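Asks: Sequence and predicted structure, then a few things I'm wondering about:
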Amino acid sequence: MSLDNLRTLYQQVILEHYKKPRHRGRTQPVDRQQRGHNPSCGDTIDLTVALGTNEQGETIIQDIQFEGEGCAIAMASADLMADALRGQPVSRALQMVEQFQAMMKGQFEFPREFRKLNVMQGVAQFPVRIKCATLTWHTLRAALQQDPTSVNGFVSNEEEE
Amino acid sequence: MTIAPSCSLADLCRADFPILARQVHDRPLIYFDNAATSQKPLAVLNTLEDYYRRYNANVHRGVHTLSAEATTAYEGAREKVARFVNATHSEEIIYTRNASEAINLVAYSWGMNTLREGDEIILTVMEHHSNLIPWQFVAQKTGARLKFVELTPEQTFDLNHYESLLSDRTRLVAVAHVSNTLGCLNPIPEIVRLAHAKGAWVLVDACQSVPHLPIDVQQLGCDWLVASGHKMCAPTGIGFLWGRGELLRQMPPFLGGGEMIADVFLDHATYADIPHKFEAGTPAIAEAIALGAAVDYLSQWGMERIHAYEQELTAYLFERLQALPEVTVYGPKSGDRAALASFTVGEVHPHDLSTILDQSGIAIRAGHHCTQPLHRHLGVQSTARASLYFYNTRAEIDQFIAALGEAIAFFSDVFA
């Protein structure tokens, strides 16, 4: 078995976040809620987001929590995303959705502040697994862009790549 | 050349499949995803090439030599398929794109036009989405009700529950011959006997049985049977529907176009007899001819022999899998069952498992295998599935089990 290849994909940090997620659950309050789904494998992710305002008056993400079932890559990606985005303005989070997708194409690397997200870079070498890593980010974008009066949206990841 | 008695069927046939010689991640390919699609022997590849090189022409159109040759080969393949499933007449074989299209043909032509509100369709919880969604369409359009046969504790077809669902309102029973996830072999003759006693028709999804066992539609007794070519050594893009001649003749056309007509006027038309009534437009000619070659190839080994060898492989696969304490296998563990095993491995997600095995050149399926309701019924979101064919070997099973062990070890640190 090419263990080296596998260790590129399943980095220790990823396995740790899979085993002991820090952001599993539901936010209090639930300002945004979105279900993401990967129809080809059945993986699902339920994101909840609590919003707030910072000193500059921008809307920020107070908290992100996730529930659902999926592979190590999908679950670790959700946990790492929640870690990275707490306290970030919504506008910055939306920009990072694009940046994460660019990273999956090998075209971007996060700066020092968000360097932990770079452990997902190895996924780029496993094209069929990119969908697993991006499911949570797609779901977040849908959650942040939705009309706040409509709760319980649903996003599919099928058209990705 | 004399052949040693210890030679397995796989030893004899592997050289016929060029793809089996390739490497994946610097390891010899071990292809255990045959329930999704099978590999193709040289006989089939050569047939495709020969058609395009020597006699590519449209069928049933011209009087020129190439068209006549193509038509002869195309209709000759239909006769081969008819013999392969023991149909009484070759016109009872309708070429379709795949099994899904064959089921849709029956659903739209027969179901939409025949069923009424209050009629009942019996399916099972183990159906592939292709034998579920078309009937959902029919139910939504006609008001017919869908009922579902559940599983026995051994995860096989529950005949008692089935009997309790049958009523005078039952018009159709649509059921898989072999489940693509559980691997169980469903008792079709008994299912048919009970359905016919209530005046209901029976459609059999034989995608996972036609490639692996001798099939006799007359012995099964069903009214329609569908299969996909690509799961039985033929190319993609070709499948077939077998139906009772009198039933097919009563059914209105499914798709309209060239080929399926008798006489055409501006405002109406009359239609060709079966099978062409259901084959609108230029068909998949090369693929149909290659399906005939696939049937010849399988028949050359013999379906009894293929089935017997696969039963041996299955017993060995289950013995090895069940010896791993971390592994949970779904479906019946013994008895008449298909050469496939759906399983989960402790807390290792099937996708992760599949990626790890792929690094050893081993191709298995991970996911819900187009049976989402069944997975919900089993209480799992997804499973891994190893599905074998007659070119697979015991040695490959050994390597698969060894790689599975390594994958379990790789993840065991995480869950220690």
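Replies: Right, received. Where do you want to start? Numbers count the residues shown, from 1 in each chain, chains lettered A, B, ... in the order given.
Asks: Where does the prediction get shaky in the chain?
Replies: All of this refers to chain A. By pLDDT under 70, the low-scoring segments of chain A are A:1-3, A:147-161.
Asks: That was the other one, I meant chain B.
Replies: With pLDDT under 70 as the threshold, chain B has low-confidence stretches at B:1-6, B:413-416.
Asks: Show me which residues of it sit near chain A.
Replies: By the rule CB under 8 Å from any CB of the partner chain, the part of chain B lying against chain A is B:25-26, B:349-352, B:355-356, B:359-360, B:366-368, B:372, B:375, B:381-382, B:403, B:406, B:410-411, B:413-415. For every residue, glycine as well, the C-beta is placed using N, CA and C.
Asks: Filter those down to the ones in strands?
Replies: B:366-367 (DSSP state E).
Asks: Just the buried ones from the residues of chain B next to chain A, in ChimeraX syntax?
Replies: A single ChimeraX command is used to select the members of the residues of chain B next to chain A judged buried by 16 or more other CB atoms under 10 Å in any protein chain shown:
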select /B:349,350,351,352,355,356,359,360,366,367,368,372,375,381,382,403,406,410,411,414
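Asks: what about B:Thr72, how many neighbours?
Replies: Look at B:Thr72: counted by other CB atoms under 10 Å in any protein chain shown, it has 13 neighbours.
Asks: For the helix or strand containing it, give me every contacting residue.
Replies: When secondary structure is defined using DSSP states H and E, the element that contains B:Thr72 is helix B:65-84. Contacts to helix B:65-84, defined as CB atoms under 8 Å, 6 or more residues apart in numbering or on different chains, come from residues B:51, B:54-62, B:87, B:89-93, B:95, B:210, B:215, B:240, B:242, B:275, B:283, B:285, B:288-293, B:295-296, B:298-299.
Asks: ditto for stretch B:329-338
Replies: Under the criterion CB under 8 Å, 6+ apart, residues B:35, B:154-156, B:178-179, B:181-185, B:208-209, B:212, B:310, B:314, B:318, B:321-322, B:341-344, B:378, B:380, B:383, B:387 lie in contact with stretch B:329-338.
Asks: Can you flag the buried ones in these?
Replies: Burial by neighbour count, 16+ other CB under 10 Å: within these this picks out B:35, B:155-156, B:178-179, B:181-185, B:208-209, B:212, B:310, B:314, B:318, B:321, B:341-344, B:378, B:380, B:383, B:387.
Asks: So which of the residues you listed sit within helices?
Replies: When these are checked against helices (DSSP state H), the matches are B:310, B:314, B:318, B:321, B:378.
Asks: Closest one of those to A:Val90?
Replies: When those are compared for distance to A:Val90, the smallest value, 40.0 Å, is given by B:Leu378; criterion: CB to CB.
Asks: mind listing what the closest one touches?
Replies: B:155, B:330.
Asks: do you know how far it is from B:Phe343?
Replies: Between B:Leu378 and B:Phe343 the distance is 11 Å, computed by CB to CB, to the nearest Å.
Asks: mind listing the strands for chain A?
Replies: A:32-38, A:43-53, A:59-69, A:153-156.
Asks: want to try CSV for these, with distance to chain B as columns?
Replies: Formatted as CSV, those follow (distance: least, CB to the nearest CB, whole Å):
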stretch, distance to chain B
strand A:32-38, 9
strand A:43-53, 7
strand A:59-69, 5
strand A:153-156, 14
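Asks: out of these, deepest packed?
Replies: Compared across the strands of chain A, strand A:32-38 shows the largest average neighbour count, a mean of 22 (mean count of other CB atoms under 10 Å in any protein chain shown).
Asks: Check what contacts stretch A:5-12 and list those residues.
Replies: A:72-73, A:119, A:122-123, A:125-126, A:129, B:25, B:352, B:355-356, B:359, B:410.
Asks: how does it look with 6 Å?
Replies: Around stretch A:5-12, the neighbours that count as contacts under CB atoms under 6 Å, 6 or more residues apart in numbering or on different chains are A:119, A:122, A:126, B:359.
Asks: Show me what counts as buried in it.
Replies: Across stretch A:5-12, burial judged by 16+ other CB under 10 Å covers A:5-6, A:9-11.
Asks: now swap in stretch B:77-90 and tell me
Replies: Neighbour-count burial for stretch B:77-90 [16+ other CB under 10 Å]: B:77-82, B:84-85, B:87, B:90.
Asks: quick one, phi psi at B:Thr96?
Replies: Dihedral pair for B:Thr96: phi -130, psi 180, per degrees, to the nearest 10.
Asks: Please tell me I have it right and it contacts B:Ala102.
Replies: Yes. Judged on CB atoms under 6 Å, B:Thr96 makes contact with B:Ala102 at a distance of 4.2 Å.
Asks: In terms of neighbours, single out the busier of these two.
Replies: For B:Thr96 against B:Ala102, the residue with the higher neighbour count under other CB under 10 Å is B:Ala102, and the figures read 30 against 26.
Asks: Help me confirm that that one is found in a helix?
Replies: Yes. Following the definition DSSP: H, G, I helix; E, B strand; the rest coil, B:Ala102 is counted among the residues of a helix.
Asks: and it, what is it in contact with?
Replies: Shown in contact with B:Ala102 (CB under 6 Å, 6+ apart): B:96, B:226, B:239, B:241.
Asks: Beta-bridge partners for the first one, please?
Replies: Bridge pairing for B:Thr96 (DSSP bridges) gives the partners B:Gly239.
Asks: List the residues that contact it.
Replies: Counting by CB under 6 Å, 6+ apart, B:Thr96 touches B:102, B:239, B:241.
Asks: Also B:Arg97?
Replies: When the contact criterion is CB under 6 Å, 6+ apart, the partners of B:Arg97 are B:Gly237.
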